[in-house]
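**Q** sequence-free structure coming up:
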């Protein structure tokens, strides 16, 4: 069984139901796509007890308006850190503007089940605001991007097609629906 991260935009104007898996927009296997970190911040984390297990389920939930504000704020930093990412950032912004719902929900608990440290998600979400060594490590552990550092300490990703993932898949996921 693959561990997926899935982004949903329910057509309703009310907050999404945790069990609602309609209106899937994008998905990714074994990682959270890097550009998803431009639309969610730490306040979007929601953790619920799993009714079928002893564990918990973690989601990222925000309004479309808040996601667009975060995207506007964080995409410049993303572009500075990742060379040649501007066309993907523009495509991502267009996709988020076009989703039909008023909310965005990312099911990320299957990916989080693959890592031992529960603090990785909050740290990774802080990466585009405060790139500390811990937030950088967390970000790269949750995405499928390889970490490459330059002599000056800046993070550079040439966005090549390593490991069979396309650049688009690494940054946005694959379309669903």
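**A** In hand now; what should we look at? Worth saying up front: this structure is predicted, and the values here are computed from it rather than measured. Numbering: from 1, shown residues only.

**Q** Check the spacing between the residue sitting nearest the centre point of the chain and residue 111 real quick.
**A** For the chain, the residue whose C-alpha lies nearest the mean C-alpha position (C-alpha atoms, centre = their mean) is residue 36; its distance is 2.7 Å. In this structure, residue 36 lies at 11 Å from residue 111, with C-beta to C-beta, to the nearest Å as the measure. Using the backbone N, CA and C atoms, a C-beta is placed for each residue, glycine as well.

**Q** Residues in contact with both of those two, list them for me.
**A** Counting by C-beta atoms under 8 Å, 6 or more residues apart in numbering, the common neighbours of residue 36 and residue 111 are residue 5.

**Q** Which neighbouring elements make contact with the lowest-mean-pLDDT helix or strand in the chain?
**A** Of all helical and strand segments in the chain, the minimum by mean pLDDT, DSSP states H and E falls on helix 167-172, at a mean of 80. Here helix 167-172 touches helix 86-98, going by 3 or more C-beta pairs under 8 Å, 6 or more residues apart in numbering; DSSP states H and E.

**Q** okay, the angle between the top helix by length along the chain and helix 86-98?
**A** Among all segments of the chain classified by DSSP state H, the helix with the greatest residue count is helix 64-81. Interaxial angle, helix 64-81 versus helix 86-98 (axes from the mean of the first three to the mean of the last three C-alpha atoms, to 10 degrees): 180 degrees.
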